[in-house]
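1. Quick one, fold the following:
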Amino acid sequence: MSKNEFRTQKVLKAGQPGTQKYVRQFGEKLLCIRHKYEKMTQQKYITAEIIVESTKWYPNADNIPHNKIMDLNIEYKEKYLRKLVQESGGKWNPGKKVWQLAFHQVKALGLEDRIV
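-> Purely as a prediction, here's the structure:
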């Protein structure tokens, strides 16, 4: 059976009415439930989109402009790191509670894992 034969009629995010049974089954791994219909066989399918693996992801550095301002997560107790970012031109954004610094500086300091 090819994918072209299915028509998706309804997509429900986890937690919406009609998903409780699947939330109990899959827990926090459930992203959404889809109601799909196959015209030829007149069958209705309910599919679940679940998280099967989660790993740290870093944006492809080749696609990020070097001067793009990045949000960084730096804890208050990390005084040395905060000072280093500030000396490199970083600014504290109190509304977002993050440090902001141009991507080329983030990369130069090796702080890609701090990008939020």
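
2. what residue lies at the spatial centre of this protein?
-> The structure's the chain has its C-alpha centroid closest to W57; by CA atoms, centre = their mean the separation is 8.8 Å.

3. ok, how many other residues are close to L72?
-> Using other CB atoms under 10 Å, L72 is surrounded by 23 other residues. All C-beta atoms are positioned from the backbone trio N, CA, C, and that covers glycine.

4. hmm, I was thinking of V52
-> 6.

5. Give me the three-state assignment for the closest residue to N93 other than its chain neighbours.
-> Of all residues not flanking N93 in the chain, Q100 sits nearest, at 5.3 Å (CB to CB, 6 or more residues apart in numbering). At Q100, secondary structure determined by DSSP: H, G, I helix; E, B strand; the rest coil is strand.

6. Just the mean pLDDT for the longest helix along the chain, thanks.
-> The longest helix of the chain (DSSP state H) is helix 79-87. Helix 79-87 comes out with an average pLDDT of 95.

7. buried stuff in it?
-> L81, R82, L84, V85 (16 or more other CB atoms under 10 Å).

8. List the neighbouring strands of the helix or strand just after it plus their orientation.
-> Using DSSP states H and E, the next helix or strand after helix 79-87 towards the C-terminus is strand 91-93. Using DSSP bridges, the strands paired with strand 91-93 are strand 98-102 (antiparallel).

9. Please state the offset of the strand it pairs with from the chain centre?
-> Relative to the centre of its chain, strand 98-102 is centred 19 Å away, using CA atoms, centre = their mean, to the nearest Å.

10. Report the angle between that strand and helix 79-87.
-> Angle between the axes of strand 98-102 and helix 79-87 is 40 degrees (criterion: axes from the mean of the first three to the mean of the last three CA atoms, to 10 degrees).
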